[in-house]
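Visitor: Show me how the following folds:
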Amino acid sequence: MKKSFIVLIFLVFIISGCRKNEKQQEVQQEVQQKMPLEEQQDAAVLEPNIKLDVFTDFICKQKEVLLRKLEFVYEMLPMEISKLEKGYYSDDKTASNSDGDERLQNIECQGEAFPKYVMEDSKSNGEIPLNNVSDEVKKSIDDINNALLNRKLYQCFSLEDYNNHYDMSWPAVLEKEIIYDFNKDKKLEVLKIRCIFGTRDEETSILEPKETVFEITLGDKKVIVKPNPECWDEYFEVGICDVDLEDNYVEFYTTQFEDCYGSSLLFRLNGKCLEEAVGTGYEEIVGVSGDGKIFIWNGSFRNTYFEDESYEDFLLWYLDYKTGNFISSNHMIGKIYHAFYDDILFRQLEYVPWGPPINITLDLPGAFYEPEFGELLTVLDKDDGAQAIKVRTQDGKEGWIGGHHMVWN
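Guide: As a prediction, this is how the structure comes out:
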């Protein structure tokens with residue numbers, strides 16, 4: 001109901017604007033007809049010389065852009081209304097973009113591809129003294145410590161590592177244990193990961209995910225995640241992170257891909273009780289700051305590709321761990337950005353590509369300059385919804401770049 005109402009208001013606004021323009025034209029024609037003949041001729045001379053084919057082409061392009069935006073708004077509303085009702089968006093305006101109150105309203109919709117889970121009571125695995133583990137476990141603990149202190153995610157399980165193992169007996173069960181101090185009490189707990197595959201196509205060896213279940217046990221609870229068989233991309237990972245190095249929690253997350261979108265859940269051990277750490281809004285966790293910021297894919301200008309890059313370098317907005325709100329950030333503004341592949345400058349924000357993937361070239365409407373890879377650009381502004389930034393080249397050219405979030409929906 002809310003969705004239909006908002007879209008209806010949007011359409012009425014557009015139609016009323018068109019009618020207003022028509023009324024202005026009628027008044028202008030009436031005034032011109034009342035002019036003396038000489039003044040009418042002078043007014044005619046002042047009329048701009050518009051080529052009909054160019055004007056028609058422009059109108060068609062604007063119509064196409066408008067229809068795409070209407071379709072996007074219609075698809076985006078269910079998730080955004082849900083987020084607004086649950087208080088995911090912050091009213092804090094200390095960090096805002098050029099669109100003011102609309103800073104987080106244009107996020108890609110993930111449809112029904114949200115990770116579903118249930119939590120059940122489980123017998124505790126007990127605790128292990130720090131000095132009573134093997135050298136292999138000690139090395140694993142050192143690796144995790146090193147990753148967390150450097151504010152990185154530590155991936156401890158990925159289904160991708162097993163997808164091509166055709167010699168497993170079916171239905172297959174994969175199990176893995178991670179020993180670590182998850183509540184910072186100087187005692188070790190056991191994180192158990194169990195993947196139960198349902199069936200497999202005998203001829204193609206392709207997984208049939210309808211019966212696949214993932215179980216993650218820690219403390220007194222077991223998290224059970226069952227992927228949506230209609231859109232699961234057969235990717236699932238479990239990782240460890242430390243969102244805030246100063247608190248008493250070491251979190252673990254799950255990420256699965258459905259219909260091209262990554263969706264994460266975040267959990268923590270509160271004493272001996274396992275609980276969901278914060279509502280992620282069905283976003284994909286890609287990094288943490290170590291001081292309470294959770295970096296998510298939709299809130300980053302682009303992916304990281306090199307060792308010396310971090311998602312904080314490309315931060316547009318983030319999930320605040322303490323409040324559970326999404327906060328817009330001006331972190332990139334005023335800084336130097338190194339041009340990447342397909343970073344082409346567009347004259348206006350509305351020309352920046354989005355939606356299904358396309359090749360970004362200078363042939364696209366509004367494109368006017370392609371910087372060299374690594375060229376230094378100064379960030380002037382940003383738009384959270386479009387996931388785009390406005391930049392200035394060293395010789396003074398200004399334009400918008402983006403398009404790093406184009407995916408098949």
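Visitor: for the closest residue in space to residue 387 that isn't next to it in sequence, helix, strand, or coil?
Guide: Distance criterion Cβ to Cβ, 6 or more residues apart in numbering; nearest residue to residue 387, sequence neighbours excluded, is residue 405 at 4.9 Å. C-beta here means a position set from N, CA and C on the backbone, and glycine is covered the same way. Taken by DSSP: H, G, I helix; E, B strand; the rest coil, the conformation at residue 405 corresponds to coil.
Visitor: ok, now which ones touch residue 405?
Guide: For residue 405, the contacting residues are 108, 297-298, 354, 387, by Cβ atoms under 8 Å, 6 or more residues apart in numbering.
Visitor: One more: residue 122?
Guide: 217, 220-222.
Visitor: Report how many residues lie close to residue 152.
Guide: 17 (other Cβ atoms under 10 Å).
Visitor: What sits closest to it if chain neighbours are left out?
Guide: Among residues not flanking residue 152 along the chain, residue 287 sits closest, at 7.5 Å (Cβ to Cβ, 6+ apart).
Visitor: Give me the below-cutoff pLDDT ranges for the stretch 251-400 of the chain.
Guide: 259-260 (pLDDT under 70).
Visitor: Helices of that one, residue ranges please.
Guide: Under the criterion DSSP state H, counting those that start in this stretch, the stretch 251-400 of the chain contains no helices.
Visitor: What segments of it are strands?
Guide: Ranges of strands within the stretch 251-400 of the chain are 251-258, 261-270, 273-276, 285-288, 293-296, 317-320, 326-328, 336-338, 345-346, 367-369, 376-383, 388-392, 398-401, based on DSSP state E, counting those that start in this stretch.
Visitor: which secondary structure elements does the shortest one contact?
Guide: By that I understand strand 345-346. strand 367-369, strand 398-401 (3 or more Cβ pairs under 8 Å, 6 or more residues apart in numbering; DSSP states H and E).
Visitor: got a markdown table for those strands, with mean neighbour count and distance to residue 237 too?
Guide: What follows is these, written out as a markdown table (neighbours: other Cβ atoms under 10 Å; distance: least, Cβ to Cβ, whole Å):
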| stretch | mean neighbour count | distance to residue 237 |
| --- | --- | --- |
| strand 367-369 | 16 | 36 |
| strand 398-401 | 22 | 30 |
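Visitor: Residue 146 is nearest to which of the ones you listed?
Guide: Shortest distance between residue 146 and these, using Cβ to Cβ, is found for strand 398-401: 34.6 Å.
Visitor: Output the contacting helices and strands for that closest one.
Guide: So strand 398-401, by 3+ Cβ pairs under 8 Å, 6+ apart, packs with strand 345-346, strand 376-383, strand 388-392.
Visitor: Could you identify which of those strands is most buried?
Guide: Of these, the one with the most neighbours on average (mean count of other Cβ atoms under 10 Å) is strand 345-346, at a mean of 24.
Visitor: okay, and for the stretch 51-200 of the chain, where does confidence drop off?
Guide: 51-115, 125, 162-171, 198-200.
Visitor: quick one on the thing from earlier: how near is the residue nearest to residue 152 to residue 194?
Guide: For residue 287, the distance to residue 194 equals 27 Å [Cβ to Cβ, to the nearest Å].
Visitor: Which of the two has more residues huddled nearby?
Guide: residue 287 (21 against 17).
Visitor: Go ahead and confirm that one touches residue 151.
Guide: Yes. Using Cβ atoms under 8 Å, residue 287 is in contact with residue 151, at 7.4 Å.
Visitor: Now for these two: what residues contact both?
Guide: residue 310.
Visitor: All set, thanks.
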